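Student: test case, fold it:
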Amino acid sequence: MTRIAILTLGLALAPKFQLIDVAQLESLQKESRVPVTLLDANDAEFRAKNGVIPGARLLSSFDGYDVTKELPAAKDAPLVFYCSNKL
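Tutor: Here you go, the predicted structure:
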């Protein structure tokens with residue numbers, strides 16, 4: 001089963017991290033009061049070979065992206081990161 005990581009940040013809440021599956025992502029996208037930001041942390045080679053989930057933002061790097069430029073400004077926005085988990 002494909003697993004996806006979700007990170008939810010809130011102004012008064014500590015960050016929460018959990019693994020979700022595709023069905024849970026679909027449900028989250030339908031039920032969230034704010035838009036869910038889907039972030040692809042794969043490298044260009046993996047994306048070229050396997051594609052990208054439609055609507056995902058492409059991060060410049062899985063570990064060195066610019067938070068202020070690549071993540072939404074809203075601190076309560078649900079963030080869903082995914083990658084191949086191949087290092």
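
Student: output the below-cut-off pLDDT ranges for the chain.
Tutor: 1-15, 86-87 (pLDDT under 70).

Student: and the longest helix for it?
Tutor: In the chain, taking DSSP state H as the definition, the longest helix is helix 22-31.

Student: does Glu70 touch Ala56 like I think?
Tutor: No. Applying Cβ atoms under 8 Å as the test, Glu70 and Ala56 come out as separate, 11.9 Å apart. C-beta here means a position set from N, CA and C on the backbone, and glycine is covered the same way.

Student: can you check which residues contact both of those two?
Tutor: Any residue near both Glu70 and Ala56 by Cβ atoms under 8 Å, 6 or more residues apart in numbering counts here, and that gives Leu39.

Student: which one's more surrounded, the two?
Tutor: Ala56 (17 against 14; other Cβ atoms under 10 Å).

Student: what's near enough to touch the more buried one?
Tutor: Ala56 is in contact with Leu38, Leu39, Asp40, Tyr82, counting by Cβ under 8 Å, 6+ apart.

Student: bridged to the third one, which residues?
Tutor: According to DSSP bridges, the residues that bridge with Asp40 are Leu58, Tyr82.

Student: am I right that it is in contact with Ser61?
Tutor: No. Contact between Asp40 and Ser61 fails when scored by Cβ under 8 Å: they sit 11.3 Å apart.

Student: which one's more surrounded, these two?
Tutor: Remark: of Asp40 and Ser61, Asp40 carries more neighbours, 21 against 10, as counted by other Cβ under 10 Å.

Student: so what does Val52 look like in phi/psi?
Tutor: phi -130, psi 150 (degrees, to the nearest 10).

Student: what is the burial count for it?
Tutor: 15.

Student: what of the one 3 residues further on?
Tutor: If you count neighbours by other Cβ under 10 Å, Gly55 ends up with 11.

Student: check which residues of the longest helix of the chain are buried.
Tutor: Residues Leu25, Leu28 are the ones in helix 22-31 that count as buried (16 or more other Cβ atoms under 10 Å).

Student: give the other helices and strands that it contacts.
Tutor: Judged by 3 or more Cβ pairs under 8 Å, 6 or more residues apart in numbering; DSSP states H and E, helix 22-31 is in contact with strand 3-8, strand 78-82.
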